[in-house]
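# Pasting the sequence and the predicted coordinates here, then a few questions.
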Amino acid sequence: MSDSLSESGFDLQQIDRLLTTTRAVRKRLDFERDVSDELLFECIDLAEQAPTGGNDASRRWIVIRDQSLKNQLGELYAEVGELFINARGRLEGTGHPKENVVTSSAYLVENFSKAPELVMCAIWGVHDNSGRPGLFDSAIPSAWSFNLALRSRGLGTAYATMLNNKPDEVAELLGIPHGVTTLVCFPVAYTLGNEFSPAPRRPASDITYFDQWGFTRTEPSVDGSARIQDGPGVVVEIDTEARPRAVWEVISDINMPAQFSNEFVGADWLTDGPIGVGSVFKGRNAIPEVRNWETDCIVTEWLERQVFEWRITDPAKPGAIWRFEIAEQGAGSRLRFSMTIGKENNGTAPRALQDPSLENEVLFERRLIHKANMQRVVEGVRDLVDGPA
Ligand SMILES: Cc1cc2nc3c(=O)[nH]c(=O)nc-3n(C[C@H](O)[C@H](O)[C@H](O)COP(=O)(O)O)c2cc1C
């Protein structure tokens, strides 16, 4: 038996390769090579193993091979996809984070009808917000399984949804009856080469919350409960209409965002010169009638318009790690404010470690307070950059 066989007998190396390298393929679609019906039936049969609400067999697939129909669908796709052509004009050669997806998507817009066939996934039903399962949402699991089945057989595609903006025109062209929703139109082809890489994505520990929205842990817990040793943390996020540059101006000024926190009194830079990794500021804090404290805050990441991270007390043994991250989100930004409670050099760790049976509870209560404070901070920042709602 290979080392990589799982408890259930799967070869995990192969399965994980499939799951991590099924990419949106556009520029590497081989438009010259035909794909047989036999192979498509095989992939659709595999995709049909996906779940549906109420086990309702309502999915339908449409394979478009006729060149004139493909051309007309390509024209409709290009009407919607013009935005990618325009964006490519602005981003090509700039190194912008969206440059690759935009140039690749624009390429597909220009070449959509060259795919040997277009495969649409459709379902009987309309998305009526009724809350009932079995309609629209039941198509998506099989659409993704179809991608995986294609990849496993040397084929590729992109999850192309822009024709959803032209439902009436598409229905007319393909004779689709009322009451059917088409969700995605896959340009299917063999891929040029078989090597694809996993995509950079946020790690699970950043985006998985335990018991409360925003409660993270850096490491998996041994018994499922929160422990100081696992790096318990808090995340809050907020979307702004302002661009990253405007958000950065606020969050990079240490007295600006912190003024919204209940525990903050003021802060001063202790180091001269331009701010960067290694710069230090003094933060003064207070919980009225409980305690006042000061902390040295050492900047451990400083990426203009993107990341400002600092560690309190000692960067190697931080009492806490605090971090602002800004990402473009649509026309505005998403601000993420996170913190991780350190294993020492803070007030929480000794209290949490005093009695292991109460550790989870101590960390829960402290994080509720942090979360409320941090929420005030991001809302304050948003109001500063967007103006009050
Ligand atoms: C709901 C959804 C809609 C998408 N719509 C399109 C589309 O209309 N055109 C396109 O070229 N790619 C489309 N994509 C593909 C994404 O752009 C692609 O998955 C994303 O850039 C990440 O790349 P990756 O899948 O290779 O990791 C869509 C993906 C999803 C999940």
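Thanks, I have the structure now. Numbering: from 1, shown residues only.
# what helix or strand is the residue of the stretch 251-389 of the chain found nearest the ligand on?
In the stretch 251-389 of the chain, the residue that lies nearest the ligand is residue 328 (14.1 Å; Cβ to the nearest ligand atom). C-beta here means a position set from N, CA and C on the backbone, and glycine is covered the same way. Residue 328 belongs to strand 320-329 when elements are defined using DSSP states H and E.
# What strands flank that strand, and is each parallel or antiparallel?
Strand pairing for strand 320-329, determined by DSSP bridges: strand 307-312 (antiparallel), strand 332-341 (antiparallel).
# Pull the distance from the last one to the chain's centre.
In this case it means strand 332-341. In terms of Cα atoms, centre = their mean, to the nearest Å, the centre of strand 332-341 is found 14 Å from the chain centre.
# repeat for the shortest one
Average the C-alpha atoms of strand 307-312, do the same for its chain, and the two points are 22 Å apart (Cα atoms, centre = their mean).
# which other residues reach that strand?
Strand 307-312 is contacted by residues 251-252, 281, 283, 295-302, 318-326, 342, 345-346 when judged by Cβ atoms under 8 Å, 6 or more residues apart in numbering.
# Please convert the buried members of these into ChimeraX selection syntax.
This is how ChimeraX selects the buried members of the contacts of strand 307-312, with burial counted by 16 or more other Cβ atoms under 10 Å:
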select :251,252,281,283,295,296,297,298,299,300,301,302,318,319,320,321,322,323,324,325,326,342,346
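# so which of the contacts of strand 307-312 also contact the ligand?
For the ligand, no contacts are drawn from the contacts of strand 307-312 by Cβ under 6 Å from any ligand atom.
# Tell me the residues of the protein that contact the ligand?
Counting by Cβ under 6 Å from any ligand atom, the chain sits next to the ligand at 23-24, 26, 101, 105, 108, 158-162, 199.
# Now neighbour count too, for those, in CSV please.
CSV is the format used below for the residues of the chain next to the ligand (neighbours: other Cβ atoms under 10 Å):
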residue, neighbour count
23, 18
24, 16
26, 21
101, 14
105, 21
108, 25
158, 21
159, 15
160, 22
161, 13
162, 21
199, 10
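# In those, find the pair that's most separated.
Using Cβ to Cβ, the two most remote members of the residues of the chain next to the ligand are 162 and 199, lying 20.8 Å apart.
# all strands for the stretch 1-150 of the chain, in order.
Along the stretch 1-150 of the chain, the stretches classed as strands by DSSP state E, counting those that start in this stretch are 29-30, 59-64, 117-124.
# Residues touching the shortest one, excluding its own?
Here strand 29-30 makes contact (Cβ under 8 Å, 6+ apart) with 111, 115, 156-157, 187, 189-192.
# Make TSV out of those and add neighbour count, distance to residue 141 and pLDDT.
What follows is the contacts of strand 29-30, written out as TSV (neighbours: other Cβ atoms under 10 Å; distance: Cβ to Cβ, whole Å; pLDDT from 0 to 100):
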residue	neighbour count	distance to residue 141	pLDDT
111	15	28	98
115	26	23	98
156	26	19	98
157	27	16	98
187	27	21	98
189	23	23	98
190	22	25	98
191	19	23	98
192	14	28	98
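# Quick one: mark the members of those residues that sit in helices.
In helices, judged by DSSP state H, the following of the contacts of strand 29-30 are found: residue 111.
# Check the contacts of strand 29-30 against residue 222 and report the nearest one.
For the contacts of strand 29-30, the residue nearest residue 222 by Cβ to Cβ is residue 156; the value is 40.8 Å.
# residues near the nearest residue to the closest one once chain neighbours are set aside, how many?
Leaving aside its sequence neighbours, residue 156 sits nearest to residue 25 (Cβ to Cβ, 6 or more residues apart in numbering; 3.4 Å). Neighbour count of residue 25, defined by other Cβ atoms under 10 Å: 24.
# For residue 25, give its distance to residue 192.
Applying Cβ to Cβ, to the nearest Å, the value for residue 25 to residue 192 is 9 Å.
# Then residue 46?
Distance from residue 46 to residue 192, counting by Cβ to Cβ: 23 Å.
# try residue 214
43 Å.
# And residue 206, by the same measure?
34 Å.
# now the helices for the chain?
Along the chain, counting by DSSP H, helices occupy 12-21, 37-47, 67-91, 99-111, 139-152, 167-174, 204-207, 244-251, 255-258, 348-354, 359-386.
# And those helices, which one averages the lowest pLDDT?
Ranked by mean pLDDT, the helices of the chain end with helix 255-258 in last place, scoring a mean of 88.
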